[in-house]
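In: With the sequence up front, the predicted model follows.
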Amino acid sequence: MRLRILAIGTRMPAWVSRGYDDYAKRMPPEIRLELVELPLGSRTRGGDIRRSIAREGETMLRQIEPDDGVIALDVAGRPWTTPELAARLQDWQMSGRNHCLLIGGPDGLAPGCLARAEQKWSLSSLTLPHPLVRIVLVEQLYRAWSINVGHPYHR
């Protein structure tokens, strides 16, 4: 199965890349993890933020294959416990489909992306710095996999 993380934002600090890479390299070959960074829509003083979000959404939707499962990370989504994520990861693997996890820009996901999503997941009720979401997400995916295979990482 391929898990694609579609994330708005292309200029992440080095600590974000290092943190993400540390967990991504731990993922097993049967879960091919791929990070796709997409450009942030221009934001200018007095500009239409909805137009920027819409452009981001169009770019993101073009990256999704018709039969991909789609999970939107959204503040209004449902929070999952780590064991719930492990069960979902197992379901995704058993489905025979690839899946995309959508991370919006600082103003969230476009309505079209939310409409395309089969599941909406709230990563935390806390407001997280946008770059940190990538690290938390990949760490939780690794933790979920470790639960499913009985690896001692999750204790």
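Out: Looks like it came in fine. Residues are numbered from 1 along each chain as shown.
In: for this structure, what spans make up the helices?
Out: 14-24, 49-62, 82-95, 111-116, 130-149 (DSSP state H).
In: can you put those in a markdown table and add mean pLDDT, distance to Arg32 and mean neighbour count?
Out: Quick note: C-beta positions are derived from backbone N, CA and C, even for glycine. Shown next, in a markdown table, are those (pLDDT from 0 to 100; distance: least, Cβ to Cβ, whole Å; neighbours: other Cβ atoms under 10 Å):
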| stretch | mean pLDDT | distance to Arg32 | mean neighbour count |
| --- | --- | --- | --- |
| helix 14-24 | 96 | 10 | 15 |
| helix 49-62 | 94 | 19 | 17 |
| helix 82-95 | 97 | 11 | 15 |
| helix 111-116 | 98 | 21 | 16 |
| helix 130-149 | 96 | 12 | 19 |
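In: now those helices in CSV, with distance to Gly105?
Out: Converted to CSV, these look like this (distance: least, Cβ to Cβ, whole Å):
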stretch, distance to Gly105
helix 14-24, 15
helix 49-62, 5
helix 82-95, 23
helix 111-116, 11
helix 130-149, 7
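In: residues contacting the most centrally placed residue in the chain?
Out: Compute the mean C-alpha point of the chain, and by Cα atoms, centre = their mean the closest residue is Leu101, 3.6 Å away. If you count contacts by Cβ atoms under 8 Å, 6 or more residues apart in numbering, Leu101 has them with 3-6, 71, 73, 137.
In: In the chain, where's the longest strand?
Out: Counting by DSSP state E, the longest strand found in the chain is strand 69-79.
In: What residues are bridge-paired with Val36?
Out: On the basis of DSSP bridges, Val36 is bridged to Leu6.
In: hmm, back to that, list the contacts of the longest strand of the chain.
Out: 64, 92, 95, 97-104, 108-109, 113-114, 116-125, 133, 137.
In: try 6 Å
Out: 97, 99-103, 109, 114, 116-123 (Cβ atoms under 6 Å, 6 or more residues apart in numbering).
In: Name the residue most distant from the centre of this protein?
Out: Gly46 (29.5 Å).
In: Name all residues that make contact with it.
Out: So Gly46 contacts nothing (Cβ under 6 Å, 6+ apart).
In: Could you export stretch 7-26 as PDB, CA atoms only?
Out: Extracted C-alpha coordinates of stretch 7-26, given in PDB (Å, rounded to 0.1, in the frame of the first residue of the first chain):
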ATOM      1  CA  ALA A   7       0.900  18.700   2.400                       C
ATOM      2  CA  ILE A   8       0.600  22.400   1.600                       C
ATOM      3  CA  GLY A   9       3.900  24.200   2.100                       C
ATOM      4  CA  THR A  10       7.300  23.600   0.500                       C
ATOM      5  CA  ARG A  11       9.800  25.500   2.600                       C
ATOM      6  CA  MET A  12      10.000  23.700   5.900                       C
ATOM      7  CA  PRO A  13      12.800  24.300   8.400                       C
ATOM      8  CA  ALA A  14      15.500  21.700   8.600                       C
ATOM      9  CA  TRP A  15      14.200  20.400  11.900                       C
ATOM     10  CA  VAL A  16      10.900  19.500  10.300                       C
ATOM     11  CA  SER A  17      12.600  17.500   7.500                       C
ATOM     12  CA  ARG A  18      14.900  15.700  10.000                       C
ATOM     13  CA  GLY A  19      12.000  14.800  12.300                       C
ATOM     14  CA  TYR A  20       9.800  13.600   9.400                       C
ATOM     15  CA  ASP A  21      12.700  11.600   7.800                       C
ATOM     16  CA  ASP A  22      13.600  10.000  11.100                       C
ATOM     17  CA  TYR A  23      10.100   8.300  11.400                       C
ATOM     18  CA  ALA A  24       9.500   7.900   7.600                       C
ATOM     19  CA  LYS A  25      12.600   5.700   7.300                       C
ATOM     20  CA  ARG A  26      11.300   3.400  10.000                       C
END
